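**Student:** the following block contains a protein sequence and its predicted model.
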Amino acid sequence: RPPRSTLFPYTTLFRSRQMELNHLQTFVVVAEEKSITQAAKRLFTTPSSISVHIKMLEDELGIQLFTRTTRGMHITEKGEALVTRARQTLQSVRDLVNQATELRANLMGELALGVNAALGYLRLPGLIEKLSQDTPGISLHLHHLASGRVLEQAAAGQLDLGFVFGEVDDPRLSTTPITTANLVIAAPLNWAVESPDWVELARHPWICSDYYCPFQIIIDRAFAERGLHYPQHVRTNDDLGKADLVAAGLGLSLLEVGEAQAYAAQGRLKVIPGITFPTRLSLVYLSYRQHDPLIRALVEVVTSLWT
């Protein structure tokens, strides 16, 4: 057995392992954000708590990890040398938890899933049924959100996974492509607008998004490419409610073709012919969780429903 003097430094360093992992997580996030305030937002805590974590880690390691500047937190040369090892340590802990989960007889846990379109379009009834049959230990908590909110909350760890339209360029997120969605222009049933005339379409009021939305980017680009401006009569953060606003006669809007056709079949709105925009539908989740057994199980079920 090694003498006590050999063990002492290690028992001191790991006297509170849970806190040490929190400190390492804080260290990595501050290094990425270069800001105490932004790191606090990302970790859902206060700037003072972030500062305490960094100070305690620096004291335990005996190394200054950051210097404060007018532009934020600047990682030191020694801190830069340690941040990669900190990431590897955190990933090793996640891998350990993932392996332990896989060794259980059944996967168990709740997943928060962001839902950006109609449940039928996303095949959620089939997903829930298949989950209950194949992995009854997994339950879903559905959050109805626009694609922009799904991206924001998935990156912040508030959602485990989420459906989104459009391209994803956040390096924190991984994506699994699901399908290509087609978008069409929907108009109130009694409006005198029938043809794909962009000058005519620019004369009518539109229902738009007040937050990041791929649909909004597409329609903004379409008018801009033609040198046209259009009236944004109503702005909403509820993408799922746009079809109802069109049906109520409040304006034109860009909708997923299946949703638009369903409303048109009910005689509630009409689809402008001759204009279609393709966009990607994907499932997003934090990159470092791509090997999480619960995440993998849900991704496999979703992809099986679309193939």
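**Tutor:** Arrived safely. Residues are numbered from 1 along each chain as shown.

**Student:** contact partners of stretch 75-82?
**Tutor:** F27, A31, K34, L61, I63, Q64, L65, F66, T67, V83 (CB atoms under 8 Å, 6 or more residues apart in numbering). Glycine gets a C-beta too; all of them are placed from N, C-alpha and C.

**Student:** the fifth one and E80, how far apart?
**Tutor:** In this case it means I63. In this view, I63 and E80 are 11 Å apart by CB to CB, to the nearest Å.

**Student:** now swap in the third one and tell me
**Tutor:** Plainly put, K34 is 12 Å away from E80 if you go by CB to CB.

**Student:** return the subset of the contacts of stretch 75-82 lying in strands.
**Tutor:** F66, T67 (DSSP state E).

**Student:** about what we covered before: more neighbours, K34 and E80?
**Tutor:** K34 (15 against 12; other CB atoms under 10 Å).

**Student:** so who does the nearest residue to the more buried one once chain neighbours are set aside touch?
**Tutor:** Once flanking residues are discounted, K34 sits nearest to G72: 4.6 Å by CB to CB, 6 or more residues apart in numbering. Contact analysis of G72 by CB under 8 Å, 6+ apart lists K34, S35, I36.

**Student:** hmm, 10 Å instead?
**Tutor:** V30, E33, K34, S35, I36, T37, Q38, A39, F66 (CB atoms under 10 Å, 6 or more residues apart in numbering).

**Student:** what is in contact with K34 and E80 at once?
**Tutor:** H74.

**Student:** does Y263 lie in a helix or a strand, and which?
**Tutor:** helix 257-265 (DSSP states H and E).

**Student:** can you list the strands that whatever helix or strand comes next after that helix pairs with?
**Tutor:** Using DSSP H and E, the next helix or strand after helix 257-265 towards the C-terminus is strand 269-271. In the sheet, strand 269-271 lines up against strand 173-188 (antiparallel) (DSSP bridges).

**Student:** quick one: buried residues of the very next helix or strand once past the partner strand?
**Tutor:** Sequence order places helix 198-201 as the next helix or strand after strand 173-188, per DSSP H and E. For helix 198-201, burial by neighbour count (16 or more other CB atoms under 10 Å) applies to L201.

**Student:** check which helices and strands the following helix or strand past helix 198-201 sits against.
**Tutor:** Counting by DSSP H and E, the next helix or strand C-terminal to helix 198-201 is strand 206-209. Where contact means 3 or more CB pairs under 10 Å, 6 or more residues apart in numbering; DSSP states H and E, strand 206-209 is packed against helix 214-225, strand 232-236, helix 242-247, strand 253-256.

**Student:** out of these, which is closest to G137?
**Tutor:** strand 253-256 (32.2 Å; CB to CB).

**Student:** and the closest one, which strands flank it?
**Tutor:** strand 173-188 (antiparallel).

**Student:** tell me the buried residues in the partner strand?
**Tutor:** Under the neighbour-count criterion of 16+ other CB under 10 Å, strand 173-188 has L173, S174, T175, T176, I178, A181, L183, V184, I185, A186, A187, P188 buried.

**Student:** got CSV for these, with distance to S147 too?
**Tutor:** As requested, the buried residues of strand 173-188 are exported to CSV (distance: CB to CB, whole Å):
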residue, distance to S147
L173, 12
S174, 16
T175, 12
T176, 15
I178, 13
A181, 11
L183, 12
V184, 17
I185, 19
A186, 18
A187, 23
P188, 25
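
**Student:** hmm, back to that, most tightly packed of the helices and strands packed on strand 206-209?
**Tutor:** Highest mean neighbour count among the helices and strands packed on strand 206-209 (mean count of other CB atoms under 10 Å): strand 253-256, with a mean of 25.

**Student:** who touches the nearest residue to A248 once chain neighbours are set aside in this structure?
**Tutor:** Spatial nearest neighbour of A248, excluding adjacent residues (CB to CB, 6+ apart): P188 at 7.7 Å. Applying CB under 10 Å, 6+ apart, we find P188 in contact with 204, 245-253, 268-270.
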